[in-house]
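K.L.:
Take a look and give me a structure for this.
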Amino acid sequence: MPRPSQNTDRRLIKAARKLLPETGCSGLNLRQVAVKAGVNLGMFHYHFKT
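P.N.:
Predicted coordinates for the structure are as follows:
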């Protein structure tokens, strides 16, 4: 079973991939990705520091 942090990473990436075709690069924002993944926005910054 993967660690919860690895699962969160995957959920964030999966959410971003689903949103990108809908919003385009200029319309995509981190808050949308976090909401779609079902995580707190701070978790995005925790897992992807740059």
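
K.L.:
From here on, just use CA atoms for contacts and neighbour counts.
P.N.:
Will do.

K.L.:
mind saving the C-alpha coords of the lowest-mean-pLDDT helix or strand in the chain as CSV?
P.N.:
Lowest on mean pLDDT, DSSP states H and E among the helices and strands of the chain sits helix 41-47, with a mean of 87. Extracted in CSV, the C-alpha atoms of helix 41-47 (Å, rounded to 0.1, in the frame of the first residue of the first chain):
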residue,chain,number,x,y,z
LEU,A,41,-4.2,24.1,-0.9
GLY,A,42,-1.3,23.9,1.5
MET,A,43,-0.9,20.3,0.7
PHE,A,44,-0.1,21.2,-2.9
HIS,A,45,2.7,23.5,-1.7
TYR,A,46,3.9,20.8,0.7
HIS,A,47,4.2,18.2,-2.0
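
K.L.:
helices or strands next to that helix in the packing?
P.N.:
For helix 41-47, the elements it packs on are helix 4-27, helix 30-37, judged by 3 or more CA pairs under 8 Å, 6 or more residues apart in numbering; DSSP states H and E.

K.L.:
Leaving out chain neighbours, which residue sits closest to the residue nearest to the spatial centre of the chain?
P.N.:
For the chain, residue 12 is the residue whose C-alpha lies nearest the centre (CA atoms, centre = their mean; 2.6 Å). Take residue 12 and drop its neighbours on the chain: the residue closest to it by CA to CA, 6 or more residues apart in numbering is residue 37, 5.4 Å away.

K.L.:
cool, and residue 11?
P.N.:
That would be residue 37: by CA to CA, 6+ apart, it lies 5.4 Å from residue 11.
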